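>>> any chance you can model this:
(chains A and B)
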Amino acid sequence: MVNVSKRFRNISAINNLNLEVKDGEYLCVLGPTGSGKTTLLKIIAGLVNPDKGEVYIDGKLVNNVPPQERNTAFVPQNYALFPHLSAVQNVAFGPTSKGLSREEANKISMKMLEMTRLAGRPDSQPNELSGGMQQRLALARGLASDANLLLLDEPLGALDARIRVELRYKIRNLVKDRGFTAIHVTHDQEEAMIVGDRIAVLREGQIQQVNVPTKVYNEPQSIFVANFVGGANFLEGFVVDRDHQGAWIQLRNRFIARVREIDFSPGEKVILAIREELTTIVKRGGEEQEINFFPGTMQSASFLGNSTVFKILLKNGDVVNSRIPVSQYKQDFSENEGVYVRLHPENIMTYPYPQGGLFRELEAI
Amino acid sequence: MPSVQLVNITKKYRDITAVENVNLAIEDKEYVCIIGPSGCGKTTLIKCVSGIIQPTDGEICIDNKRVNEVPIQDRGVGYVFQDIALFPHMNVRENVSYGPFVKGWSPAQTRTLVEEMLNMMVLGDRARDHPNVLSGGAQQKTAIARALASGSLLLLLDEPLGSLDVKVRKLLRHEIRRMIKDLNLTAIHVTHDQEEAMAVADRIVVMKTGKIVEVGTPSQLYLHPKELFTANFVGESNFFEGRVAEEGDKKIKINVDGSFLYSSEKAPAEDAKVVAAIRPEFVAMEHQQKTEPLWKGTIETVTFMGSMMRYEVKAENGKVVDVKIPFSSVSQEFEAGSRVNLKFPPESVLLYAYPRSGLEKEISVE
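Modelled structure (predicted):
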């Protein structure tokens, strides 16, 4: 996609967007509601025409190519299964309409049903299948087409959380086994990291960052990405001094933090970000002279199964959430207990203070 | 004060039994979540409490008084639906004021209460906006504020966050719990999202095919699930079918197709067929070297999940084992093809009698 823009009346859905997806790649487009994810997918499918810019598939300009000739399979959010056809007929529809014999089409269809674990229900109509099964059927239909490019719009969105967890591993394997190029749209960052070779983070019709999951998570380029992908603690401050190894940042009420970043000048306002799981809670003071060792009180603990999130109110008024994996959860804390939070300088990301304020960057609602 | 008792509740639709003989006691000021796969009867159950559905059999008591015959509006419950049902022609403040207005509160009383609700839900600066210009999250917050302003001490929440983005859901669930606790309300909250349930609830009720499987606190259900279904539905688990090989003093030896596992659980009978379960995050993994391994295997896939790494390991005995390690403590380089040792700490290996219907059917989440 080259310089693609699309407006709906006075709302800009896609704003001068550039994106390259490689052959055989599984790309996830991740963003909040209204960020333009579905529009982007529909532009590639040919279901929406861009106002500006070019769309190329396999090196060929397709702006004027109708959807059915783009060699793409679009799996919409609501499945759009044929209600009067059985599962096997739904999947065989594509191959049949491409001129394959009924026998051949059914053979492909059965193979796809097997891959999506629906081989036991070939004769069921969509309304006789559970939501999870319908979702897999829609996917089987997409996979059965001989399209090279699979476009998946929130393919797991309508499912219960537990089934979603199971299917996301499966969907990636299916797509990879069949050698598809896939573009998968979702608002679920964990899903994006699991299924995508790369992730494109979308905000207000523009791509904020495209990279492999580890890079997007470990080196987010903006506050928005850090918050939307994984979440973090954000602390406001300004640079008081810097040297060759890093800088000293003054937080609220004269707390001083050390960071390894040196791209900022003294006086500059900055935001420090640190992942919840990279903070450490320490019971006793010990070396209070140590850097980034902040006193506070335990506010609450939220047990989430594979981890527990502790909320600590620092003495300077900032709040830090600390996530401890269940396998490392060795000590208990009581409410209002005095504790210390340690933030390792190498885990702190530093960003320039955003023009519209911090809240605007974190707003997901 | 609203405690809730459900006694032998059954609801049938023609030949389908949606809820079967459910007994549940909820204490005053308790926050209870009901979870379970689609079609397990969780929504039917909460609708019985509200009065929207009449049970075929059984008794519903609120505050120790039978309410089966009490109409919806007189049960004193506030209700929040998944599909946000705000009055489209009213702004946020008017929507929230509706309950007190209908109840005939004085304007001054209403204003104070409504302002308090709007402030608590951080909706103050959206008070004059109409629903159609609000985001989904702000609409749902308005719906919750409206239910809270109704003055009901018992709040029923039916998938209140279901239509929202994951990110928004995670933010709002904390606000909901805080509000309910600050206002000393009793709450019953239905969700399909286990993590949401763990984050908000004092106790969780797990349902399957119309029946209660298990009731417990979040940590009980996650760390010591009594039922196989719970071990799979609340968080993920590895399951191994095997037989009790030997009962030691402190550990039971389990034979899994010729490989062995140890569990510190109580022993079913010797030679009993069992299912051993262990969470992926409790499996220890290291490169093959010196130590005497229990299980050897090869890493097949490596998945980065943000705070966690997930590995799928094909063991030499043919079993596939999921292993999760916090990203911050992955000290060794593991990649696809790495030969590794797997260790299963006995205190994390849970034992279950082999289910009569078979393992796969028992743990099915559909």
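
>>> so how many other residues sit close to residue B:143?
24 (other Cβ atoms under 10 Å in any protein chain shown). C-betas here are computed from N, CA, C, even on glycine.

>>> settle this for me: it is touching residue B:84, isn't it.
Yes: using Cβ atoms under 8 Å, residue B:143 is in contact with residue B:84, at 5.1 Å.

>>> in the chain, which spans are helices?
I went with chain A, as the question did not name one. Remark: helices assigned in chain A by DSSP state H are A:37-45, A:87-97, A:102-115, A:131-144, A:161-177, A:189-195, A:213-218, A:223-228, A:358-362.

>>> my question was about chain B
Using DSSP H, helices in chain B cover B:42-50, B:92-102, B:107-120, B:136-149, B:166-182, B:194-200, B:218-223, B:228-233, B:359-363.

>>> need those helices in CSV with mean pLDDT and distance to residue A:350, can you?
Shown next, in CSV, are those (pLDDT from 0 to 100; distance: least, Cβ to Cβ, whole Å):
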stretch, mean pLDDT, distance to residue A:350
helix B:42-50, 93, 46
helix B:92-102, 87, 37
helix B:107-120, 85, 33
helix B:136-149, 85, 29
helix B:166-182, 87, 23
helix B:194-200, 95, 30
helix B:218-223, 96, 36
helix B:228-233, 95, 41
helix B:359-363, 91, 46
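
>>> sorry, back to before: what about the helices of chain A, which gets the closest to residue B:328?
helix A:213-218 (10.9 Å; Cβ to Cβ).

>>> CA atoms only for that closest one, dumped as CSV, please.
Taking Å, rounded to 0.1, in the frame of the first residue of the first chain, the C-alpha atoms of helix A:213-218 are listed here in CSV:
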residue,chain,number,x,y,z
PRO,A,213,6.6,-8.9,18.1
THR,A,214,9.8,-8.9,20.3
LYS,A,215,10.8,-5.5,18.8
VAL,A,216,7.4,-4.0,19.2
TYR,A,217,7.1,-5.2,22.8
ASN,A,218,10.7,-4.5,23.9
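
>>> from the contact counts, what lies against that helix?
Judged by 3 or more Cβ pairs under 8 Å, 6 or more residues apart in numbering or on different chains; DSSP states H and E, the packing partners of helix A:213-218 are helix A:189-195, strand A:198-203, strand B:295-304.

>>> mind running it again at 7 Å?
Helices and strands touching helix A:213-218, as assessed by 3 or more Cβ pairs under 7 Å, 6 or more residues apart in numbering or on different chains; DSSP states H and E, comprise strand A:198-203.

>>> which intervals of the stretch 251-365 of chain A have sub-threshold pLDDT?
A:285-288, A:364-365 (pLDDT under 70).

>>> oops, could you answer that again for chain B instead?
B:289-293.

>>> could you list the domains of chain A?
Segmentation of chain A into domains, based on automatic domain parsing, reads A:2-227, A:233-355.

>>> could you dump those to a markdown table with distance to residue B:124 and mean neighbour count?
Output for those, formatted as a markdown table (distance: least, Cβ to Cβ, whole Å; neighbours: other Cβ atoms under 10 Å in any protein chain shown):
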| stretch | distance to residue B:124 | mean neighbour count |
| --- | --- | --- |
| domain A:2-227 | 22 | 19 |
| domain A:233-355 | 20 | 16 |
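
>>> nearest to chain A, out of the helices of chain B?
Chain A lies closest, by Cβ to the nearest Cβ, to one member of these: helix B:136-149, at 3.5 Å.

>>> check which helices and strands the closest one is in contact with.
Short answer (3+ Cβ pairs under 7 Å, 6+ apart): helix B:136-149 packs on strand B:77-80, helix B:92-102, helix B:107-120, helix B:166-182.

>>> chain neighbours aside, what residue packs nearest to residue B:299?
With Cβ to Cβ, 6 or more residues apart in numbering or on different chains as the criterion, residue B:299 has its nearest non-adjacent residue at 4.7 Å, and that residue is residue B:338.

>>> next one: residue A:93 from residue A:141, what distance?
Residue A:93 is 7 Å from residue A:141, where distance means Cβ to Cβ, to the nearest Å.

>>> contact residues of chain A facing chain B?
Residues of chain A lying close to chain B by Cβ under 7 Å from any Cβ of the partner chain are A:32-33, A:130-132, A:160-163, A:165, A:187-188, A:190, A:193-194, A:213-214, A:217, A:228, A:230, A:277-278, A:302-306, A:323, A:325-328, A:364-365.

>>> can you pull the contacts of the nearest residue to residue A:245 once chain neighbours are set aside?
What sits nearest to residue A:245 in space, not counting adjacent residues and going by Cβ to Cβ, 6+ apart, is residue A:260, at 6.7 Å. Contact partners of residue A:260, counting by Cβ atoms under 7 Å, 6 or more residues apart in numbering or on different chains, are A:245, A:246, A:345, A:346.

>>> need the phi and psi values for residue A:260.
Residue A:260 adopts backbone torsions of phi -90, psi -10, taken as degrees, to the nearest 10.

>>> residues touching residue A:202, list them.
A:29, A:30, A:31, A:35, A:36, A:37.

>>> tell me what residue 350 is bridged to.
Chain wasn't specified; assuming chain A. residue A:272 (DSSP bridges).

>>> oops, chain B please
Beta-bridge partners for residue B:350, by DSSP bridges, are residue B:277.

>>> test my guess that it contacts residue B:275.
No: look at residue B:350 against residue B:275 with Cβ atoms under 7 Å: they stay out of range, at 8.9 Å.

>>> overlap of the contact sets of these two?
By Cβ under 7 Å, 6+ apart, no residue touches both residue B:350 and residue B:275.
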